[in-house]
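J.: Mind looking at a prediction? Sequence and model below.
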Amino acid sequence: MEGAELIIQEINREAEQKIQYILSEAREEAEQIKEEARKRAEARAEWIMRKAQTQAEIERQRIIANARLEVRKKRLQVQEELIQEVISALRERLAELPEEEYFPMLIDLAVGAVKELGSESFVLRSNEKTLELLSNRLDEFRKALAERLGKDVEVALGEPVQTIGGLIVETPDGSVRVDNTFEARIERFEGELRAEIAKALFG
């Protein structure tokens, strides 16, 4: 009986050892699986973090770029508004020129136009106020032109036109004209004028 008991005990001992071995292996494998899972999770978390950081940087750059663009647009808008204000003020100033400034200017505008036309006779057109001024001082105007051009020219006053000032100078048949109204000159020299205003205002 003792022999059988010993055999049973031996079997139990071996079985216990096997159980302990299997459990130990299982624990090691479980730890290995957990470690691999942890590494994968960390790698995944790191990848997610890098991706988030990249997206955050892209978004930051986009926000900065948009802000810079908005500032530039606003600056250009303010610049344009200021330039328009200066041009409007210039128009008002030209429309209200005192006669002692305006009359010599009309002579300059007429001389330039007559040289361009190359005609011996021409018709002047402008607003009613300017035509009235020229009518009142026509002899003086003709004399000044003759002195500046070195020859006599025939001057006639035409129908009034809508303008703040300056002159339209045309041949008697109206086929050729030079528009030296203030509006036309501002338009012709607007690019140069805008550059000068921008330089004066913004450096």
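T.: Noted; the coordinates are in hand.
J.: What are the contacting residues of the one helix or strand residue 106 maps to?
T.: In this assignment (DSSP states H and E), residue 106 forms part of helix 99-117. For helix 99-117, the external contacting residues (Cβ atoms under 8 Å, 6 or more residues apart in numbering) are 97, 122, 124, 130, 133-134, 137, 141, 144-145, 148-149, 153, 165-167, 169-171, 176, 178, 180. (Glycine included, C-beta is placed from N, CA and C.)
J.: Please enumerate the helices of this protein.
T.: Applying DSSP state H to the chain gives helices spanning 2-95, 99-117, 128-136, 138-149, 182-188, 190-202.
J.: distance of residue 45 from residue 37?
T.: In this view, residue 45 and residue 37 are 12 Å apart by Cβ to Cβ, to the nearest Å.
J.: ditto for residue 51
T.: In terms of Cβ to Cβ, residue 51 sits 21 Å off from residue 37.
J.: And residue 162, by the same measure?
T.: From residue 162 to residue 37 the distance is 86 Å (Cβ to Cβ).
J.: what does residue 49 give?
T.: In terms of Cβ to Cβ, residue 49 sits 18 Å off from residue 37.
J.: With residue 195 instead?
T.: In terms of Cβ to Cβ, residue 195 sits 69 Å off from residue 37.
J.: Break this structure into its domains for me.
T.: Domains of the chain are assigned by automatic domain parsing as 1-96, 98-202.
J.: Would you format those as a markdown table with mean neighbour count included?
T.: Formatted as a markdown table, the domains of the chain follow (neighbours: other Cβ atoms under 10 Å):
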| stretch | mean neighbour count |
| --- | --- |
| domain 1-96 | 10 |
| domain 98-202 | 15 |
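J.: Just give the nearest non-adjacent residue to residue 91, would you?
T.: residue 164 (5.8 Å; Cβ to Cβ, 6 or more residues apart in numbering).
J.: Verify the contact between the one you found and residue 186 for me.
T.: No: here residue 164 lies out of contact with residue 186, judged by Cβ atoms under 8 Å, at a distance of 9.4 Å.
J.: residues shared between the contacts of those two?
T.: With Cβ under 8 Å, 6+ apart as the test, residue 164 and residue 186 both reach residue 91.
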